[in-house]
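**Q** Give me a model of this one.
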Amino acid sequence: MSIIRRLFSRRTLAYATGSTALATGGFYWYLNSGPAYPSSKKETRRPPPPWTPPSRAEMLAELRKSGEKGGEEFDLLVVGGGATGAGVAVDAASRGLKVALVERDDFGSGTSSKSTKLVHGGVRYLQKAVLELDYDQYKLVREALHERRIFLETAPYLSNMLPIMLPIYKYWQVPYYLAGCKLYDILAGKENMETSYVMSKGKALETFPMLKSEGLVGAVVYYDGQHNDSRMNIALIMSAVKHGAKVANYCEVTDLHKNESGKIVGASVRDNLTGKSWNVRAKGMVNATGPFTDTLLTLDNPAQEPIVQPSSGIHITLPNYYSPRKMGLLDPSTSDGRVIFFLPWQGSTIAGTTDSPARVTRDPKANEDDIRWVLDEVRSYLSPDIKVRRGDVLSAWSGLRPLVKNPGASSTEGLVRNHMIYVSESGLLTIAGGKWTTYRAMAEETVDRAVKEFGLEGKVKSGCVTDKLRLVGSDGWSRNMFISLIQTYGLDTDVALHLSGNYGDRAWTVCGLAEPTGENWPLHGTRIVAQYPFLDAEVRYAVRHEYAVTAIDVLSRRTRLSFLNARAALDALPRVIDIMTEELNWSRSERNKQVKNSVTFLIETMGLDEGYVGLREVSFSPALVNGHRKDRRVIPVEKSGGGV
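**A** Sure thing, here's the model as predicted:
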């Protein structure tokens, strides 16, 4: 009887009720965790309201006006059109500031198009934070995990969550890795995507059948984000334009203008396409040039000490059969201590690593030793019946990471990816360091500082709104929008998925430029190369709506063809140049120049085999050149120099 009383006592019932409520609450939270996807609505079945951005010529005219007598000066002149600069432009313009942005090359042509494509907090930074009791690393992870969730919500069509496997070959590593991933989940808090979990050996091999089974004891899976970096960069640029910013690619700052007090009040800008120069006046200037930060700092003050120490990341693209479609892999224990990623991306597989010492160059090249090293590491964790061949490398590229220099660090592995804001005596505001995931937080902090430094308090209409501001292409997008594209335009399914996932609701405008194929199916959508879903309509859209002015802009950054397959990019080159000739009225000499520059880029920057180039001919269909239709021409591409 006493036992029954104890079992049904008030205290026991209270414990049981509390435990049940806690379990129910935890289960409810678990069911509702993960990213919040936009719900499908009737509005996503039809095109959004039309919007055509100002042309590049109109943008240049607006920039010139500020330097002319009686012209209105800009509040901010942002130098650099990568992730950081574009993020600053979006933040400042959305607050109501009058913003100008200039980029020496193309938007996102540097580090911002050559990343690992991850939107992540950084599990290896968390490991260092714990093992080395490094609070700076800890803060970086916390900030990045917070920004990761915002990233996926403000550009949902360009980003997605991706499960990443940590294969385990020693039993003691199971609790070690699981504890680390659970801590990663806890730090993310309400921003967590999905909870990490342990996978048995059988389940790991079922999910990742190409994994080496000998000695495998299981795996731990955690979640991070992934995105299309250069398309994200363009979305930021176009969002800034939509909020009133004046932007121009291929425009270089050649000199800084200072008043009697030595404060910067503007700059001389040169259009690198025409050679014309003019002045731009601004109340303040932001240096957001990534790895080239010190170049502008030296222009401001020749005695300036460097503040950026670059690190290179090398990546290769492999065929899609090297990895599952929806599962990545991280190897934290490579032969030299670096971390290597092995990730599905855009229908292919990318493998690569970061943290190699480097020097600043305009177009870094993935050298053969690095490519061979990545292939060797890939061989070490893939099944021995898979022959990993050098010939399977479809493209190879290297990008520079603009790490903030730490004089006490002996190698770039010890550098933290956090950012630093520095204001020189002349008032040049520099934002340096950071990474793609934290671009928005960096931009917010930069604009906050700029408003204070340049006395713009009376100019802003609001505080920062970019944590809720959805980027161009997001408002009318849903994950089912591709079905409406198929039903409306008669597209192949892979093409519709590609357009939806890279343009969002702007895919309707792209499809509006697609010519009928004249076939039973697909009804619209002629591909620029057979094995990839890129359309000729995307080339026209890139020129008319996204400021593409070279064939490299289209092949490398508006589409990602050169990153996915350098040979396919070479095969598509004639068609791209034909279309751009019609759009931009290129002369014969300009076409030849575009061929030469593009082939050189593919060889020197994308790892294209010169032997393959020597076997190809760049063949043009009839096109309008200087207003006259020319006969078909064939331009042989010489193997020796990759020229024409």
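**Q** what ranges do the strands span in the stretch 501-644 of the chain?
**A** With DSSP state E, counting those that start in this stretch applied, the stretch 501-644 of the chain shows strands at 617-620, 624-625, 628-629, 633-636, listed in chain order.
**Q** Extract the CA atoms of stretch 327-344 and return them as PDB.
**A** Backbone C-alpha positions of stretch 327-344 (Å, rounded to 0.1, in the frame of the first residue of the first chain) are rendered in PDB as follows:
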ATOM      1  CA  MET A 327      25.100  14.500 -49.100                       C
ATOM      2  CA  GLY A 328      28.500  16.100 -48.600                       C
ATOM      3  CA  LEU A 329      31.600  14.800 -46.900                       C
ATOM      4  CA  LEU A 330      34.200  16.500 -44.700                       C
ATOM      5  CA  ASP A 331      37.600  14.900 -44.000                       C
ATOM      6  CA  PRO A 332      39.100  16.600 -40.900                       C
ATOM      7  CA  SER A 333      42.300  14.500 -40.900                       C
ATOM      8  CA  THR A 334      44.100  14.900 -44.200                       C
ATOM      9  CA  SER A 335      47.800  14.000 -44.700                       C
ATOM     10  CA  ASP A 336      49.000  17.500 -43.900                       C
ATOM     11  CA  GLY A 337      46.400  18.600 -41.400                       C
ATOM     12  CA  ARG A 338      44.200  20.600 -43.700                       C
ATOM     13  CA  VAL A 339      40.400  20.000 -43.900                       C
ATOM     14  CA  ILE A 340      39.100  18.800 -47.300                       C
ATOM     15  CA  PHE A 341      35.400  19.200 -48.400                       C
ATOM     16  CA  PHE A 342      33.700  16.900 -50.900                       C
ATOM     17  CA  LEU A 343      30.400  18.400 -51.800                       C
ATOM     18  CA  PRO A 344      27.600  18.000 -54.400                       C
END
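**Q** got the contact list for that stretch?
**A** Residues from elsewhere that reach stretch 327-344, judged by Cβ atoms under 8 Å, 6 or more residues apart in numbering: 116-118, 123-124, 127, 162-167, 207-208, 211, 221, 226, 320, 322-326, 349-356, 373-374, 376-378, 380-381, 413. In this view, the C-beta of every residue, glycine as well, is placed from N, C-alpha and C.
**Q** one more time with 6 Å
**A** When contacts are defined by Cβ atoms under 6 Å, 6 or more residues apart in numbering, stretch 327-344 is touched by residues 116, 124, 162-166, 207, 323, 325, 350-351, 353, 355, 377, 381.
**Q** How about stretch 425-437?
**A** Residues outside stretch 425-437 that contact it (Cβ under 6 Å, 6+ apart): 83-84, 115, 119, 144, 147-148, 258, 262-264, 285-288, 293, 300, 307-308, 404, 417, 419-423, 442, 446, 450.
**Q** Distance from the chain centre to it, please.
**A** Centroid separation between stretch 425-437 and its chain, computed with Cα atoms, centre = their mean, to the nearest Å, is 19 Å.
**Q** And it, what's buried?
**A** Of the residues in stretch 425-437, those scored as buried under the neighbour-count criterion (16 or more other Cβ atoms under 10 Å) are 426-437.
**Q** Ok, stretch 86-102 next?
**A** Of all the residues in stretch 86-102, those buried under the rule 16+ other Cβ under 10 Å are 86-95, 97-102.
**Q** end to end, how far does it reach?
**A** Its first and final residues considered, stretch 86-102 spans 10 Å by Cα to Cα, to the nearest Å.
**Q** Please state the mean pLDDT value computed over it.
**A** Stretch 86-102 shows a mean pLDDT of 98 in the predicted model.
**Q** how far does it sit from the chain's center?
**A** Once both centres are worked out by Cα atoms, centre = their mean, stretch 86-102 turns out to sit 19 Å from its chain's centre.
**Q** Walk me through the domains of the protein.
**A** For the chain, whose domains are defined here by the TED database, the residue ranges read 62-113+231-307+407-454, 157-226+310-400, 480-615.
**Q** I figured residue 470 was touching residue 154, is that so?
**A** Yes: here residue 470 reaches residue 154: they are 5.3 Å apart, a contact under Cβ atoms under 6 Å.
**Q** Neighbour count: these two, which is higher?
**A** Comparing residue 470 with residue 154 by neighbour count (other Cβ atoms under 10 Å), the higher total belongs to residue 154, at 21 against 18.
**Q** Output the strand or helix carrying residue 16 as PDB, nothing but the C-alphas.
**A** Following DSSP states H and E, one finds residue 16 within helix 10-31. The C-alpha trace of helix 10-31 is given here as PDB (Å, rounded to 0.1, in the frame of the first residue of the first chain):
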ATOM      1  CA  ARG A  10       1.600  14.500  -5.600                       C
ATOM      2  CA  ARG A  11       5.400  14.800  -6.000                       C
ATOM      3  CA  THR A  12       5.500  11.800  -8.300                       C
ATOM      4  CA  LEU A  13       2.500  13.000 -10.300                       C
ATOM      5  CA  ALA A  14       4.100  16.400 -10.600                       C
ATOM      6  CA  TYR A  15       7.400  14.900 -11.900                       C
ATOM      7  CA  ALA A  16       5.500  12.800 -14.400                       C
ATOM      8  CA  THR A  17       3.400  15.700 -15.600                       C
ATOM      9  CA  GLY A  18       6.400  17.900 -15.900                       C
ATOM     10  CA  SER A  19       8.400  15.200 -17.800                       C
ATOM     11  CA  THR A  20       5.500  14.600 -20.100                       C
ATOM     12  CA  ALA A  21       5.100  18.300 -20.900                       C
ATOM     13  CA  LEU A  22       8.900  18.700 -21.400                       C
ATOM     14  CA  ALA A  23       9.000  15.700 -23.700                       C
ATOM     15  CA  THR A  24       5.900  16.900 -25.600                       C
ATOM     16  CA  GLY A  25       7.500  20.400 -26.000                       C
ATOM     17  CA  GLY A  26      10.800  19.000 -27.100                       C
ATOM     18  CA  PHE A  27       9.000  16.700 -29.700                       C
ATOM     19  CA  TYR A  28       7.000  19.700 -31.000                       C
ATOM     20  CA  TRP A  29      10.100  21.800 -31.300                       C
ATOM     21  CA  TYR A  30      11.900  19.000 -33.100                       C
ATOM     22  CA  LEU A  31       9.100  18.600 -35.600                       C
END
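**Q** Lovely, talk soon.
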